[in-house]
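Enquirer: structure, please.
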Amino acid sequence: MNTYSGLLSTFQSLIPFANSLRSLPEEVWSAPLKPDKWSTRSVIGHIMLWDRHFLQEAIRPIAEGRPLTLRHSDFDTFNRHAAAYAESINKEQLLAECMSVREELWKLLISLSEEKLEMDYTDGDGNPFTIHHYLDDFVSHDRHHLDEIDRFIAG
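Expert: Model (predicted):
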C-alpha cells in the first residue's frame with residue numbers, strides 16, 4: 001500500500017509535467033494520441049476538470065468540516081464536457097488552470113490533519129469515500145494518461 005507522502009508527491013508531479021507541455025508545438029498538442037483517441041489538450045482538460053470536481057465536491061468540504069457533495073457522475077458525459085472545454089480555450093490558459101487547480105488540491109491535501117486523512121467519509125450518494133483511496137485512484141489515473149502523452153511525444 002502506498003504511503004500518503006509518496007502518493008502526495010506523485011500527485012503533485014502533474015504540475016511540472018503540465019508545465020513542460022507549454023513548449024509542445026500546437027500540431028502535437030492538438031493531435032490525437034492514437035486514432036480515435038483524445039489529444040494531449042483533451043487529456044489535460046479531462047484531468048483538470050476531474051481535479052476541480054473532487055476539489056469542490058470532496059476535498060474542500062473535508063478541509064472545511066462540511067459534508068461531501070460528491071455524487072456519482074455519468075463519466076462519458078463528464079469526459080465529453082471536459083474534451084469540449086479543453087477545445088474552447090488556448091493551451092496556456094488550459095495548462096495554467098490545470099496547474100492551479102492541482103496546486104490548490106495538493107495544498108489542501110497536505111494541510112489536512114492525520115485524523116482527517118484517515119477518516120472514512122460518506123459521499124453525497126451515501127457511498128464510502130476515503131482520501132487514501134481517492135489518491136491511489138487518481139495517481140494511477142494520472143500515470144495512465146501521462147504515460148500515453150509521453151509515448152505519443154516520444155514518437
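Enquirer: which regions of the protein lie under the pLDDT threshold?
Expert: For the chain, the stretches with pLDDT under 70 are 1.
Enquirer: how about the strands in it?
Expert: Taking DSSP state E, the strands of the chain run over residues 121-122, 128-129.
Enquirer: can you list the ones you listed in a markdown table and add mean neighbour count and distance to A96?
Expert: Where C-beta positions appear, they are placed from N, C-alpha and C, glycine not excepted. Formatted as a markdown table, those follow (neighbours: other CB atoms under 10 Å; distance: least, CB to CB, whole Å):
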| stretch | mean neighbour count | distance to A96 |
| --- | --- | --- |
| strand 121-122 | 14 | 30 |
| strand 128-129 | 14 | 29 |
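Enquirer: mind putting these into JSON lines with distance to Q12?
Expert: Listed next are the strands of the chain as JSON lines, based on distance: least, CB to CB, whole Å:
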{"stretch": "strand 121-122", "distance to Q12": "22"}
{"stretch": "strand 128-129", "distance to Q12": "21"}
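Enquirer: so which of the ones you listed gets nearest M48?
Expert: strand 128-129 (20.8 Å; CB to CB).
Enquirer: how far out from the middle of the chain is the closest one?
Expert: Relative to the mean C-alpha coordinate of its chain, strand 128-129 is positioned 18 Å out (CA atoms, centre = their mean, to the nearest Å).
Enquirer: now S39, which residues is it bridged with?
Expert: Beta-bridge pairing for S39 (DSSP bridges): P32.
Enquirer: what is the neighbour count of it?
Expert: Look at S39: counted by other CB atoms under 10 Å, it has 19 neighbours.
Enquirer: and H81, how far is that from H46?
Expert: Here H81 is placed at a distance of 9 Å from H46 (CB to CB, to the nearest Å).
Enquirer: more neighbours, those two?
Expert: Applying other CB under 10 Å to H81 and H46 shows that H46 carries more neighbours, namely 22 against 15.
Enquirer: nearest spatial neighbour of the more buried one, chain-adjacent residues omitted?
Expert: Excluding its sequence neighbours, the residue lying closest to H46 (CB to CB, 6 or more residues apart in numbering) is A82, at 4.3 Å.
Enquirer: residues contacting that neighbour?
Expert: Neighbouring residues of A82 by CB atoms under 8 Å, 6 or more residues apart in numbering: 42, 45-46, 48-50.
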